[in-house]
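# Show me the folded form of this:
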Amino acid sequence: MSQNSGVVWVEGGFWALLTFFLLLFVRGRLRSIFKNRYQRTKALGDRLVKRLSDKTHWLFLLVIALYAGSQKWPIPDDLADQWMQVTFLLGLVLVGVWGHNAILLWAEQAYEKKKDKDQSFATALGVIKFIILLGFYVVLALVALENVGVDIAALVAGLGIGGIAIALAVQKILGDLFASLTIVMDKPFVIGDFIIAGTDMGTVQHIGLKSTQLKSIDGERLIIPNSDLLDSRIRNFRKIPERRQLFLIGVTYDTPADKLERIPGMIKEIIEAQPDTRVDRIHFKQFGPYSLDFETVYWLLRGDFEFKMDTQQAINLALCRKFQAEGIEFAFPTQTIQLEPGENPPPRPDRV
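Residues are numbered from 1 along each chain as shown. Prediction:
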């Protein structure tokens, strides 16, 4: 009986060693084959097999081999059940390693495709990756607990109250997290846009999981929680394809009527000489307190702020030159004092 038992143990050990070396050989061949294939095709599947084979440690292969050999060994039933549980749990660990690396590889591949087109996609990808990994590990943990005899239904019911308490404790963090996902998916703004949100304004520098960073006009960095951004009205100045521009100019009251009649044509000619502009209207609007006011409305066919300021500057300089050539004077605040005949002028202060 003991001789037969010894033969059985040797036979089981032989199968364990054979299985172990066979698994090592298969792992090495997969590494070599799919490494060369990925270098040629750049396919996601080839890269996935190569990475999973790299991440498969030889200890996992040894456990699988020992389990295969243990099927031949005369092990008591209770010990065999415990060994099977241990093997199953280690198998779950291996599945966790494979799943974790598969998710990371998918995220890397998605980022490589989108990084040049949409820099803010990295933020959304980070949130999505976090949610997928969290769900994956929760499923693995539940499977592992069920394997060791834990009543999952009772556990989930017991965690219900605790889950509510945890959710209340981290609701601000979760709010910012999902707000960042909403920002990136809905795209009310992207990196590089100039926005105004409430009383804050600046150029978007970074969209993170919890907050968004703006660079203000003065150069300081503003860090605003994502949930606060979604709760405020956002004005995005890069999204507009055209920008409406209005300005007023005033000339002196002694300007002759024929020159006043020609001023709208002068302004129109100057605006139309600028690139990417369209004149809307130009009118002699009103008799101001100290000037005759002309109101001009025109459209810029590009929405960026720097182009707006460059165009307005060019128009202002051209108006100055044109009015100087025509003998038209710009008005400025003045006050005229009329004295009645025989009335003395107001006394002047004594000079020291």
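
# which residues does residue 101 contact?
51-52, 55 (C-beta atoms under 8 Å, 6 or more residues apart in numbering). For every residue, glycine as well, the C-beta is placed using N, CA and C.

# So for residue 64, what pLDDT did the model give?
Reading off the confidence values, residue 64 has pLDDT 73.

# what about the stretch 51-200 of the chain, any weak spots by pLDDT?
In the predicted model of the stretch 51-200 of the chain, residues 67-83, 114-124, 148-174 satisfy pLDDT under 70.

# Strands along that one, start to end?
With strands called from DSSP state E, counting those that start in this stretch, the stretch 51-200 of the chain shows them at 194-197, 200-207.

# Give the buried residues for the first one.
I take that to be strand 194-197. The neighbour-count check on strand 194-197 (16 or more other C-beta atoms under 10 Å) flags 194-195, 197 as buried.

# Out of the residues you listed, which is nearest to residue 270?
residue 194 (27.3 Å; C-beta to C-beta).

# domains of this structure?
The chain breaks down into these structural domains: 2-114, 176-236, 243-326 (assignment by automatic domain parsing).

# can I get those in CSV with distance to residue 332?
Written out in CSV, the entries for the domains of the chain read as follows (distance: least, C-beta to C-beta, whole Å):
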stretch, distance to residue 332
domain 2-114, 55
domain 176-236, 29
domain 243-326, 7
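
# Return the most buried member of these.
Mean neighbour counts were compared across the domains of the chain using mean count of other C-beta atoms under 10 Å; the top stretch is domain 176-236, at a mean of 16.

# any idea how far the strand ranked longest in the chain is from the chain center?
As far as residue count goes, and with DSSP state E defining each element, the longest strand of the chain is strand 277-287. Put simply, strand 277-287 sits 41 Å off its chain's centre (C-alpha atoms, centre = their mean, to the nearest Å).

# Name the surrounding residues that touch the helix or strand following it.
Past strand 277-287, heading to the C-terminal end, the next element that is a helix or strand (DSSP states H and E) is strand 292-300. Outside of strand 292-300, the residues that reach it under the criterion C-beta under 8 Å, 6+ apart are 242-253, 255, 260, 263-264, 267, 271, 276-287, 307-308, 311, 331.

# Give the partner strands of strand 292-300 in its sheet and their orientations.
With DSSP bridges as the test, strand 292-300 is paired with strand 243-251 (antiparallel), strand 277-287 (antiparallel).

# Switch the ones you listed over to TSV; also include mean pLDDT.
Listed next are those as TSV, based on pLDDT from 0 to 100:
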stretch	mean pLDDT
strand 243-251	93
strand 277-287	95
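
# quick revisit: export the buried residues of strand 194-197 as TSV, with columns for distance to residue 230.
Shown next, in TSV, are those (distance: C-beta to C-beta, whole Å):
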residue	distance to residue 230
194	18
195	13
197	10
